[in-house]
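Engineer: Fold the stuff below for me.
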Amino acid sequence: MGPQSPLYLQLRELIRSKIENGEYPPGTAIPSVGTLAEKYGIHRLSVRSAISALIGEGLLKSVQGKGIFVVGEKLEQDLETVGGFEQTLKASAKHFEQRLLVKASRTAGPLYASWLNCLAEEPLYYVKRLSLLDGEPLSLEEAYIPQWLVPNLADVDLNVFPLHEVYEFYGIHLLRGEQSLGITRLDSPDARLLDVDPRRGVLTLQCVRYGSPERADGAPAGPGDEQPVEFTRTHIRADKCDLSVHFHR
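Structural biologist: The predicted structure follows:
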């Protein structure tokens, strides 16, 4: 694009190139309108026009009070069958809300290494979230994710992008999950978050989700490429939720 092109078009292509080369990774915020205007010496209206064009293309997403975020390319895939409890809640007619409580790094240790088929010293992301339905706490989820799978997760706002969308950014196809159900007593802080009596048990779903990361050679991922993507532990209020299993011949 030549120097005579309108400034907003030049900035639009510049931002696009920064998205494509990874300088602005998916799930992260780009610089503010004021910062871009000052950096490139152009009017704020031109910056807004460039950003609006990229929002219209689906490359950026505006979140009021938070900023402008990179969406990136999404893979078309039905995740409903492997999306777990969170996807079930979002599909309901009620108002679903999720609050991020913790996002941190930790090593896998022997327990999570066994679930995620990795070394005990492997670095993981630890994510803890509270889910509410119609304003009432319903579930408390902990997720453990190998850092090499989603290396920029530390910079992604998980209040804007749910984890399954982040996986899409990295070309990870969720294929299946292995789930178990038990009953757990929560410690006092977690019991307060869920508004339950710590002396009573809650339903606990443990799930390992498996996926096929996009291959470097561009070839379709096959069954041999499948590996654990995340381990989740979800505590659910039994007085607010019924769990059902469907059997087929």
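
Engineer: how far away is Val156 from Pro137?
Structural biologist: 24 Å (CB to CB, to the nearest Å). C-beta coordinates here come from the backbone N, C-alpha and C atoms, glycine included.

Engineer: oh sorry, the question was meant for Gln64
Structural biologist: Look at Gln64 and Pro137: by CB to CB, they are 25 Å apart.

Engineer: now Glu20
Structural biologist: With the distance defined as CB to CB, Glu20 ends up 41 Å from Pro137.

Engineer: Show me which of those two is the more surrounded one.
Structural biologist: Of the pair Glu20 and Pro137, Pro137 is the one with more neighbours under other CB atoms under 10 Å, namely 18 against 12.

Engineer: who's the more buried one bridged to?
Structural biologist: In this entry, Pro137 is beta-bridged to Leu132, by DSSP bridges.

Engineer: which residues touch it?
Structural biologist: With contact set as CB atoms under 8 Å, 6 or more residues apart in numbering, Pro137 has these partners: Leu130, Ser131, Leu193, Leu194, Asp195, Arg237.

Engineer: got CSV for those, with neighbour count and pLDDT too?
Structural biologist: As requested, the contacts of Pro137 are arranged in CSV below (neighbours: other CB atoms under 10 Å; pLDDT from 0 to 100):
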residue, neighbour count, pLDDT
Leu130, 18, 95
Ser131, 20, 91
Leu193, 16, 95
Leu194, 21, 93
Asp195, 11, 90
Arg237, 18, 87
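
Engineer: Pick out the least confidently modelled helix or strand of the chain, by mean pLDDT.
Structural biologist: None of the helices or strands of the chain scores lower by mean pLDDT, DSSP states H and E than helix 84-90, at a mean of 57.

Engineer: Looking at the next helix or strand along the chain from it now, give me its mean pLDDT.
Structural biologist: With elements assigned by DSSP states H and E, the helix or strand that comes after helix 84-90 is strand 96-107. Per-residue pLDDT values over strand 96-107 give a mean of 92.

Engineer: likewise stretch 134-147?
Structural biologist: Stretch 134-147 carries an average pLDDT of 92.

Engineer: Got phi/psi on the spatially most central residue of the chain?
Structural biologist: A centroid search over the chain (CA atoms, centre = their mean) returns Leu163, at 1.8 Å, as the residue closest to the centre. Dihedral pair for Leu163: phi -60, psi -40, per degrees, to the nearest 10.

Engineer: Give me the pLDDT for it.
Structural biologist: Each residue has a pLDDT score; the one for Leu163 is 89.

Engineer: which residues does the residue nearest to it when sequence neighbours are not counted form a beta bridge with?
Structural biologist: Counting by CB to CB, 6 or more residues apart in numbering, Leu163 lies nearest to Ala143, which is 6.5 Å off, once chain neighbours are set aside. For Ala143, the beta-bridge assignment (DSSP bridges) gives partners Val127, Thr232.

Engineer: show me the contacts for Ala143.
Structural biologist: By CB under 8 Å, 6+ apart, the neighbours of Ala143 are Tyr125, Tyr126, Val127, Lys128, Arg129, Leu163, Glu230, Phe231, Thr232.

Engineer: State the distance from it to Tyr170.
Structural biologist: Note on Ala143: its distance to Tyr170, by CB to CB, is 15 Å.

Engineer: Now render the contacts of Pro137 as JSON lines, adding secondary structure and distance to Thr35.
Structural biologist: What follows is the contacts of Pro137, written out as JSON lines (DSSP: H, G, I helix; E, B strand; the rest coil; distance: CB to CB, whole Å):
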{"residue": "Leu130", "secondary structure": "strand", "distance to Thr35": "32"}
{"residue": "Ser131", "secondary structure": "strand", "distance to Thr35": "34"}
{"residue": "Leu193", "secondary structure": "helix", "distance to Thr35": "36"}
{"residue": "Leu194", "secondary structure": "helix", "distance to Thr35": "40"}
{"residue": "Asp195", "secondary structure": "coil", "distance to Thr35": "41"}
{"residue": "Arg237", "secondary structure": "coil", "distance to Thr35": "43"}
